[in-house]
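# Prediction below, plus the sequence it came from.
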Amino acid sequence: MRSKRFYTTLIFGLIISCSTLIAQSDKQKALEAELQQKRKELKQLNSLLFSNKKEEKSVITLIEDINYKVSVRKNLIRISNKQANLLTREINSNQKEITSLRTQLQELKDDYAAMLVKSYKSKSEQSKMMFLLSSSNFSQAYKRLQYIKQYANYQKEQGEAIKTKTKELQDLNIQLSKQKETKKKLIEENRIEKRKLDKELKDREVLMASIKADMRKFSAQIKKKKQEVDRLDKEINRMIRNAIAASNKKAGKKSSSGKFVLTPEAKKLASNFEANKGKLGWPVSRGVIKGKFGKRRSLTDKSVTQNYKSIYIATEKNSDVKAVFNGVVSEIHIMKRGNPTILVRHGNYFSVYMNLSEVRVKKGDKITTGQVIGKVFTNKIKGETLLGFRIYKNDQVLNPEYWIAKY
């Protein structure tokens, strides 16, 4: 009969193995969710940016669109590779586990067979009775009776352990087979994605080469666009500072720190807004984030670096713009040779909606989450429909991607 240490070690090993498999399974689920999100994003941008081949776009817009598509596809391939590598580790782990289980199963069977032989040799009730009657005293007879019962129970447990171990081995073999099939499918999908990526990179090279002949003209356009963005930044900052000053003055407070002095009602609204970080609805029904927040160097003119305070969401023509949360329209601004911008206040937070074609609210209006406040402007020359979107806390700009829900 095997020692208790053997079975304790065996059970401990199984617990560790199960914990490892659960951890790996959780990682696979997280990677799969991330992969599906990237596939959805790729499908969205194909639909929004590349579905209408008849639509004329400027070369710079095409380069920007392709570059965004390239970045999403690279991320998709990266996640897919991580998933394949994790699958490889899981397959290797399962193969080792199967080898270990087979060894353990054989040991259990050998142990069980030895018990059966021993049991057969002393199987008669008479033998058991003689074993008890030959005891020198009552205490010994009692111990021998307990031993007979324990031995019978142990035989039964060994039989059940063999059944359990056999089932575990069968399940693991099925799981291993599925993992190998999943990995094979994943590798094939990766090959297809890499071929698409190579084509997109070549398309981008062709477009980049086409503008080199007239780089001066394109550089002038890029610098002009940067100036327009900088001018709008200053105007939005001015409006927010004025809104803070006016609100604090109305409350009978003077503050030059760039922060709101909040009423209890405004404090509650700000708290609710903050509690929804990462869960705010999108300002459009359908879209992809084509322009990221933060510093980015121009694709076509490396001498130009822009610190973007907005995200730019590519969407469909005539898309409605929706408020991301309850609030009050703080300001509506239309720049000279520009499109309307709406500032909505949420306590000491602002959501800002830029590049609109029409406005459906007025200053001072109370609005609710999801309410349509305007429409996105479509640039016919560039062939794109882009909404600029920002979030501020007091006069500090924040990355909106951290606030809106994942699509």
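Here it is on my side, so go on.

# what are the ranges of the helices in the stretch 201-350 of the chain?
Under the criterion DSSP state H, counting those that start in this stretch, helices of the stretch 201-350 of the chain are mapped to 215-250, 264-275.

# so which of the ones you listed comes closest to Leu35?
With respect to Leu35, and counting by CB to CB, the nearest of these is helix 264-275 at 29.6 Å. In short, each C-beta sits where N, CA and C put it, glycine included.

# Just the buried residues of that closest one, please?
Along helix 264-275, these residues count as buried under the neighbour rule (16 or more other CB atoms under 10 Å): 266, 269-270, 273.

# Format these as JSON lines; extra columns: distance to Ile332 and pLDDT.
Compiled in JSON lines, those are given as follows (distance: CB to CB, whole Å; pLDDT from 0 to 100):
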{"residue": "Ala266", "distance to Ile332": "20", "pLDDT": "93"}
{"residue": "Leu269", "distance to Ile332": "20", "pLDDT": "96"}
{"residue": "Ala270", "distance to Ile332": "22", "pLDDT": "95"}
{"residue": "Phe273", "distance to Ile332": "20", "pLDDT": "97"}
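
# Tell me who's in contact with Pro393.
Actually, residue 393 is Lys. It isn't Pro. Contact partners of Lys393, counting by CB atoms under 8 Å, 6 or more residues apart in numbering, are 348-349.

# Check what pLDDT it gets.
With respect to pLDDT, Lys393 has a value of 96.

# Low-confidence ranges, the stretch 51-200 of the chain, go.
Per-residue confidence of the stretch 51-200 of the chain (counting by pLDDT under 70) places the weak regions at 51-57, 101, 105, 108, 111-136, 138, 140-142, 144-159, 161-162, 165.

# still on that earlier bit, so which of the helices of the stretch 201-350 of the chain is nearest Tyr308?
Between Tyr308 and the helices of the stretch 201-350 of the chain, the tightest spacing by CB to CB is seen for helix 215-250, at 7.6 Å.

# Kindly calculate the angle that the closest one makes with helix 264-275.
For the pair helix 215-250 and helix 264-275, the angle between their directions (axes from the mean of the first three to the mean of the last three CA atoms, to 10 degrees) equals 140 degrees.

# Make 218 the first number, not 1, from now on.
Done: numbering now begins at 218, and the last item shifts to helix 432-467.

# Break this structure down into its domains, please.
What automatic domain parsing lists as the domains of the chain is 221-429, 432-619.

# Out of these, which is the most enclosed?
Across the domains of the chain, the average number of neighbours (mean count of other CB atoms under 10 Å) peaks for domain 432-619, which reaches a mean of 17.

# How far away from the center of its chain is that one?
A distance of 25 Å separates the centroid of the chain from that of domain 432-619, by CA atoms, centre = their mean, to the nearest Å.

# which stretch in the helices of the stretch 418-567 of the chain has the least confidence?
The stretch with the lowest mean pLDDT among these is helix 432-467, which comes in at a mean of 82.

# Which elements pack onto that one?
Secondary-structure packing of helix 432-467 (3 or more CB pairs under 8 Å, 6 or more residues apart in numbering; DSSP states H and E): helix 276-338, strand 522-525, strand 544-551, strand 557-563, strand 566-571.

# which stretch of helix or strand covers the residue positioned nearest the centre of the chain?
With distances taken as CA atoms, centre = their mean, the chain has Glu251 as the residue nearest its mean C-alpha position (4.4 Å). Under the assignment given by DSSP states H and E, the secondary-structure element containing Glu251 is helix 221-266.

# The residue nearest to the centre of the chain against Ser297, yeah?
No - the criterion here is CB atoms under 8 Å, and Glu251 misses it with Ser297 at 9.9 Å.

# that older thread, relative to Ile598, which of the buried residues of helix 481-492 is nearest.
Minimum distance to Ile598 across those is 36.6 Å, recorded for Phe490 (CB to CB).

# sorry, back to before: tabulate the buried residues of helix 481-492 (CSV), appending distance to Val593.
What follows is the buried residues of helix 481-492, written out as CSV (distance: CB to CB, whole Å):
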residue, distance to Val593
Ala483, 29
Leu486, 26
Ala487, 27
Phe490, 23
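
# Now distance to Asn263 too, for the helices and strands packed on helix 432-467, in a markdown table please.
A markdown table is the format used below for the helices and strands packed on helix 432-467 (distance: least, CB to CB, whole Å):
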| stretch | distance to Asn263 |
| --- | --- |
| helix 276-338 | 8 |
| strand 522-525 | 24 |
| strand 544-551 | 34 |
| strand 557-563 | 29 |
| strand 566-571 | 25 |
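
# Looking at those, which is nearest to Lys579?
Each of the helices and strands packed on helix 432-467 was checked against Lys579 via CB to CB, and the shortest separation belongs to strand 544-551, namely 6.6 Å.

# Within the sheet, what are the partner strands of that closest one, with directions?
strand 557-563 (antiparallel), strand 583-584 (antiparallel) (DSSP bridges).

# what angle do that strand and strand 566-571 make?
Angle between the axes of strand 544-551 and strand 566-571 is 40 degrees (criterion: the same axes, to 10 degrees).

# hmm, who's touching strand 544-551?
452-453, 456, 460, 486, 490, 557-563, 567-568, 576, 578-584, 590.

# repeat that for 7 Å
Residues outside strand 544-551 that contact it (CB atoms under 7 Å, 6 or more residues apart in numbering): 452, 456, 460, 557-563, 567, 576, 578-584.

# Likewise for stretch 524-532?
Defining contact as CB under 7 Å, 6+ apart, one finds that stretch 524-532 is touched by 265-266, 450, 501, 503-513, 571, 593, 601-607, 614, 617-618.
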